[in-house]
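# Below are the sequence and a predicted model for it; my questions follow.
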Amino acid sequence: MADTASGVACVIVLPQGCSTRELDLLGRALNACGAALARAGRVMVQAGKPLADVPEARAYLVFGEPQAHALGRALSAAAMHRAQIVLADEPALVLTSAAAKRRLWNALRNVRRALATVER
């Protein structure tokens, strides 16, 4: 999926300090969902602020409420209105909870649908 005039296809927003096991699990899940998600940009959040500029994207997969709040502060209202923002559980919870894993798969499905409808 190429960049568009309105930004990139998808951005993954994660908390800073994820363990290797958490990142491995997320990487496998993203790879299973295809190239668009596997190659999606990543933005880390620490102390309520993104550690890099947040590009405008068609979809955001956000891991945890604190990261969602940071994304909301970093993006304009117009950019947030145009984008599909999907919230998933924090990576540590996804690693330890079957219910969080199910919610992650649902979130990934929603992001894939959002990206597919924009391509058509």
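That came through, no problem.

# Do a quick rundown of the helices in the protein.
Listed in chain order, the helices of the chain (DSSP state H) span 20-32, 35-38, 65-74, 77-82, 91-96, 98-119.

# R58: which of these is closest?
Evaluated over those, closeness to R58 peaks at helix 98-119, with 5.2 Å, by Cβ to Cβ. C-beta: built from backbone N, CA, C; applies to glycine.

# Between helix 20-32 and that closest one, find me the angle.
Relative orientation of helix 98-119 and helix 20-32, computed by axes from the mean of the first three to the mean of the last three Cα atoms, to 10 degrees: 40 degrees.

# Check which helices and strands helix 98-119 is in contact with.
Helices and strands touching helix 98-119, as assessed by 3 or more Cβ pairs under 8 Å, 6 or more residues apart in numbering; DSSP states H and E, comprise strand 8-15, helix 20-32, helix 35-38, strand 57-63, strand 84-88, helix 91-96.

# Tell me which of the ones you listed lies nearest to L51.
strand 8-15 (10.1 Å).

# Identify the neighbouring strands of that closest one in the sheet and state each direction.
Here strand 8-15 has these sheet partners by DSSP bridges: strand 41-46 (parallel), strand 57-63 (parallel).
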